[in-house]
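Undergrad: Okay, sequence plus prediction incoming.
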Amino acid sequence: MNTQPAVEVLTAREVPLGGPRAMLVRRTLPQRHRSLIGAWCFIDHYGPQDVSVSAGMDVAPHPHTGLATVSWLFAGEIEHRDSDGVHAMVRPGELNLMTAGAGICHSEVSTGTTTILHGAQLWLALPDAVRNGPRRFDHHVPQPVSVRGASLRVFLGELAGSVSPVPTVTPLLGAEVVIDPQATVSLPVDPGFEHGVLVDKGAATIGETMLSAGDLAYQGVGATAVSIANTGSTPLRCLLLGGTPFAEPIIMWWNFIGRTHEEIVEYRAQWQDRTERFGTVNGYVGERAWIPAPTLPGTRLRPRHHP
């Protein structure tokens, strides 16, 4: 008999995206007691927000190291530019994955035609063997797949017979799942994965645990299926994320992922000096040309370990 792992609920905190006057986002990962779900190490969930009457997304060029960014929209459009020369649009139902490798910088701006902006921005930690590799950009439009009581779009990994062609450096799962009112779906998953379910809209139950919009449910390794019930009268939309536990301790500070305090100090210094490690974004027009790094804390940065 399969024993389902306990479900842990991570609630979000609001933070400004890109500065104090920027739009607010709901951050569920990392948290003090849980930094990773597989290689997923960062989750921002935002909207729906009417950006025609409020501040939209305008994130000036900023750096990354040792990670990959995953952009997924439910509504609106975002213009992406990076220092590898990529100029792309992020649109609903389309995956944009940017691998920073040893260093990259990019900008993110909601377009003038966008009225409602709604989506998620996620990061993946890169293992030590490849974290100093080349930059890369992948785009994929997953086709919807129907299962009883739900439809899904698999943008990374494999689920319900749908396989994403986008390569990943660690075993991963990423899918949007929309569940019919009052329906329950049980999705077979790899028992070697730990999983997270981010509720975008609606009310859900996983096992006996109730979730509201914005909640992130964590389920550890050992489950052969993830069962999600829509307890509401409207469709439930969520993101199902998973991966094998990320065994390497990491230091994540601001937009950098490294392994030692000294690495983070060096990344910050190189960004402040605008070195070639990060390159330059061409074509961005905004209030400021780039985002300076914050001041480092007075204490030594320590690695985050998997619980």
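TA: Perfect, I can see it now.

Undergrad: The helix or strand where Glu266 lies - contacts with which helices or strands?
TA: Taking DSSP states H and E as the criterion, Glu266 maps to helix 261-272. In terms of contacts (3 or more CB pairs under 8 Å, 6 or more residues apart in numbering; DSSP states H and E), helix 261-272 is packed against strand 251-253, strand 256-258. C-beta here means a position set from N, CA and C on the backbone, and glycine is covered the same way.

Undergrad: I'd like those laid out as JSON lines, including distance to Gly56, mean neighbour count and mean pLDDT.
TA: Converted to JSON lines, those look like this (distance: least, CB to CB, whole Å; neighbours: other CB atoms under 10 Å; pLDDT from 0 to 100):
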{"stretch": "strand 251-253", "distance to Gly56": "27", "mean neighbour count": "19", "mean pLDDT": "97"}
{"stretch": "strand 256-258", "distance to Gly56": "26", "mean neighbour count": "23", "mean pLDDT": "98"}
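
Undergrad: Can you pull the domain assignment for this structure?
TA: 10-141+248-278, 143-247 (automatic domain parsing).

Undergrad: re earlier: got a markdown table for the helices and strands packed on helix 261-272, with distance to Phe278 too?
TA: Listed next are the helices and strands packed on helix 261-272 as a markdown table, based on distance: least, CB to CB, whole Å:
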| stretch | distance to Phe278 |
| --- | --- |
| strand 251-253 | 16 |
| strand 256-258 | 11 |
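
Undergrad: returning to that earlier point: tell me which of the domains of the chain approaches Arg302 most closely.
TA: domain 10-141+248-278 (7.1 Å; CB to CB).

Undergrad: End to end on the closest one, go ahead and measure it.
TA: 33 Å (CA to CA, to the nearest Å).

Undergrad: starting at the chain centroid, how far to it?
TA: Here domain 10-141+248-278 is found 8 Å from its chain centre; the criterion is CA atoms, centre = their mean, to the nearest Å.

Undergrad: For Ala102, which residues are in contact?
TA: By CB atoms under 8 Å, 6 or more residues apart in numbering, the contact set of Ala102 is Thr65, Arg131, Asn132, Gly133, Pro134, Arg277.

Undergrad: got the buried residues for stretch 106-122?
TA: 106-111, 114, 117-122 (16 or more other CB atoms under 10 Å).

Undergrad: which residues touch the spatially most central residue of the chain?
TA: Nearest to the geometric centre of the chain sits Leu122, at 1.0 Å (CA atoms, centre = their mean). Neighbour list for Leu122: Trp40, Phe42, Ile43, Asp44, Thr69, Val70, Ser71, Trp72, Gly174, Leu241 [criterion: CB under 8 Å, 6+ apart].

Undergrad: In CSV: those, plus distance to Gly283 and secondary structure.
TA: Output for the contacts of Leu122, formatted as CSV (distance: CB to CB, whole Å; DSSP: H, G, I helix; E, B strand; the rest coil):
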residue, distance to Gly283, secondary structure
Trp40, 30, strand
Phe42, 26, strand
Ile43, 28, strand
Asp44, 24, strand
Thr69, 18, strand
Val70, 22, strand
Ser71, 18, strand
Trp72, 23, strand
Gly174, 28, strand
Leu241, 32, strand
